[in-house]
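Participant: Could you work out the structure for the sequence below:
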Amino acid sequence: RRMKLEMGYREGALRDVTKVLSDTKVSIEQFEQLPAQDGVLKIQFVVGLDNDSQKGLLYSRLQKVRGVHSIE
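Facilitator: Okay, the predicted model is just below:
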């Protein structure tokens with residue numbers, strides 16, 4: 001599953017996102033942080049999800065990360 005995340009740029013933002021991915025036990029197949037522009041950090045990644053329950057948990061946890069604006 002390919003996902004795109006936008007969030008306010010801040011120190012520790014990338015760490016917080018990767019911690020959620022790790023804690024949710026998804027396999028990270030690809031991960032890219034694009035250069036921050038106008039205070040917005042854009043992250044694109046591809047993860048392997050086992051089921052819809054895991055997908056729901058991942059979305060829920062990512063939405064709770066401080067500064068997240070959108071997840072696609």
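
Participant: quick one: secondary structure of the residue most central in space within the chain?
Facilitator: The chain has Val17 as the residue nearest its centroid, 4.9 Å off, counting by C-alpha atoms, centre = their mean. Secondary structure state of Val17, per DSSP: H, G, I helix; E, B strand; the rest coil, is helix.

Participant: can you point me to the longest strand in this protein?
Facilitator: strand 27-37 (DSSP state E).

Participant: List the contacts of that one.
Facilitator: For strand 27-37, the surrounding residues in contact (C-beta atoms under 8 Å, 6 or more residues apart in numbering) are Tyr9, Leu14, Thr18, Leu21, Leu41, Lys42, Ile43, Gln44, Phe45, Val46, Val47, Gly48. Quick note: C-beta positions are derived from backbone N, CA and C, even for glycine.

Participant: Of these, keep whichever come out buried.
Facilitator: Leu21, Leu41, Lys42, Ile43, Phe45, Val47 (16 or more other C-beta atoms under 10 Å).

Participant: JSON lines please, covering the residues you listed and showing pLDDT, secondary structure and distance to Leu57.
Facilitator: Shown next, in JSON lines, are the buried ones among the contacts of strand 27-37 (pLDDT from 0 to 100; DSSP: H, G, I helix; E, B strand; the rest coil; distance: C-beta to C-beta, whole Å):
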{"residue": "Leu21", "pLDDT": "96", "secondary structure": "helix", "distance to Leu57": "11"}
{"residue": "Leu41", "pLDDT": "96", "secondary structure": "strand", "distance to Leu57": "23"}
{"residue": "Lys42", "pLDDT": "96", "secondary structure": "strand", "distance to Leu57": "23"}
{"residue": "Ile43", "pLDDT": "96", "secondary structure": "strand", "distance to Leu57": "18"}
{"residue": "Phe45", "pLDDT": "97", "secondary structure": "strand", "distance to Leu57": "16"}
{"residue": "Val47", "pLDDT": "96", "secondary structure": "strand", "distance to Leu57": "12"}
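
Participant: Much appreciated, bye for now.
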